[in-house]
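> next come a sequence and a model predicted from it.
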Amino acid sequence: MINKIVQSMAEAMAGIKDGSTVLIGGFGAVGQPNALIEGLIEQGATDLTVAANNAGVGHVGLARLMELGRVRKIICSFPRSSDPVVFETLYRAGKIELEIVPQGTLAERMRAAGAGVPAFFTATGVGTRMGMGKELREFDGRSYVMEHALVGDVGLVEAWEADRWGNLTFKKSGRNFNPVIATAAKLTVVQTQHLRELGEIDADHVVTPGIFVDRVLHVPYGDPTGF
């Protein structure tokens, strides 16, 4: 019987190794798997490369993970936010690496990883510092840079609903990077606000099929009434 529901945070985080590339969902604070980030902090993995929309806010979640010295490199679109003090302090001290990736390119690099596409060409970044050192090719008279797929050793995802097979739905803006991260990671760990019985989630409403999900942890919060 397939059952991807785990009973504890320790079980959800088991086996994550030092040096892993970790993809983290969320757009700002929306759709961010904060419980799983805290679980990763407790789990202890270090020397991590983290790919996320931004570089954390305040001293919680991703920012705390960096503040504890556990992140070697951050790949993101927005390293500066309303309160990026942790990242800026570490970066100015030379204690963390930064790779800035345009938001659409970041999402496409993850999507490509999930689709088995090793690289693709995009016009975004041509003629800028983000395109420096990358292969340049011309198609129909326009220049494009090559970007590589971004494969994660681990993907941390927040979902609205899940069943024991790992089928997922997302609520509103929570459907941001989470679906592509689920496909791009070798190990996909999900925190879900609601657990549903098999068949309770309409097949037409499933955004991420369970084949892409390895572990599901029930983390109830927010509106208990549903959509």
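Received, thanks.

> pull the helix or strand with minimum mean pLDDT from this structure.
Least confident helix or strand, the chain: helix 85-92 with a mean of 93, by mean pLDDT, DSSP states H and E.

> need the residue closest to the centroid of this protein.
I24 (2.4 Å; C-alpha atoms, centre = their mean).

> that residue contacts L40, doesn't it?
No: using C-beta atoms under 8 Å, I24 is not in contact with L40; the gap is 9.0 Å. To be clear about C-beta, it is placed using only N, CA and C from the backbone, and glycine gets the same treatment.

> who does the least confident helix or strand of the chain touch, helix- and strand-wise?
If you count contacts as 3 or more C-beta pairs under 8 Å, 6 or more residues apart in numbering; DSSP states H and E, helix 85-92 packs onto helix 62-67.

> please put the alpha-carbon coordinates of whatever helix or strand comes next after the helix it packs on into PDB.
Following helix 62-67 in sequence order, the next helix or strand is strand 71-76 (DSSP states H and E). Extracted in PDB, the C-alpha atoms of strand 71-76 (Å, rounded to 0.1, in the frame of the first residue of the first chain):
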ATOM      1  CA  VAL A  71      24.300  27.800   3.600                       C
ATOM      2  CA  ARG A  72      27.400  28.000   1.400                       C
ATOM      3  CA  LYS A  73      25.600  29.400  -1.600                       C
ATOM      4  CA  ILE A  74      22.200  31.000  -2.400                       C
ATOM      5  CA  ILE A  75      20.700  31.000  -5.800                       C
ATOM      6  CA  CYS A  76      17.800  33.500  -6.000                       C
END
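
> show residues contacting strand 71-76.
Outside of strand 71-76, the residues within contact range by C-beta atoms under 8 Å, 6 or more residues apart in numbering are 47-55, 65-66, 87, 96-101, 106, 150.

> for G155, name its beta-bridge partners.
L23, T188 (DSSP bridges).

> for T46, see how far away it is.
G155 is 18 Å from T46, where distance means C-beta to C-beta, to the nearest Å.

> neighbour count for the two, which is higher?
When neighbours are counted by other C-beta atoms under 10 Å, G155 and T46 differ, and G155 comes out ahead with 33 against 15.

> how about the helices in this protein?
9-13, 34-43, 62-67, 85-92, 103-115, 178-184 (DSSP state H).

> sort out which residues of the fourth one are buried, please.
By neighbour count, and taking 16 or more other C-beta atoms under 10 Å as the criterion, the buried residues in helix 85-92 are 86-87, 90-91.

> would you turn the helices of the chain into CSV with distance to H194?
Listed next are these as CSV, based on distance: least, C-beta to C-beta, whole Å:
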stretch, distance to H194
helix 9-13, 17
helix 34-43, 14
helix 62-67, 24
helix 85-92, 32
helix 103-115, 24
helix 178-184, 15
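
> for those helices, which one ends up most surrounded?
Stretch with highest mean neighbour count among the helices of the chain: helix 178-184 (a mean of 27; mean count of other C-beta atoms under 10 Å).

> show me what that one is packed up against.
Helix 178-184 sits against strand 21-24, helix 103-115, strand 152-162, strand 185-195, with contacts defined as 3+ C-beta pairs under 8 Å, 6+ apart.

> what would these look like in TSV with mean pLDDT and distance to V30?
TSV is the format used below for the helices and strands packed on helix 178-184 (pLDDT from 0 to 100; distance: least, C-beta to C-beta, whole Å):
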stretch	mean pLDDT	distance to V30
strand 21-24	98	13
helix 103-115	97	14
strand 152-162	98	9
strand 185-195	98	13
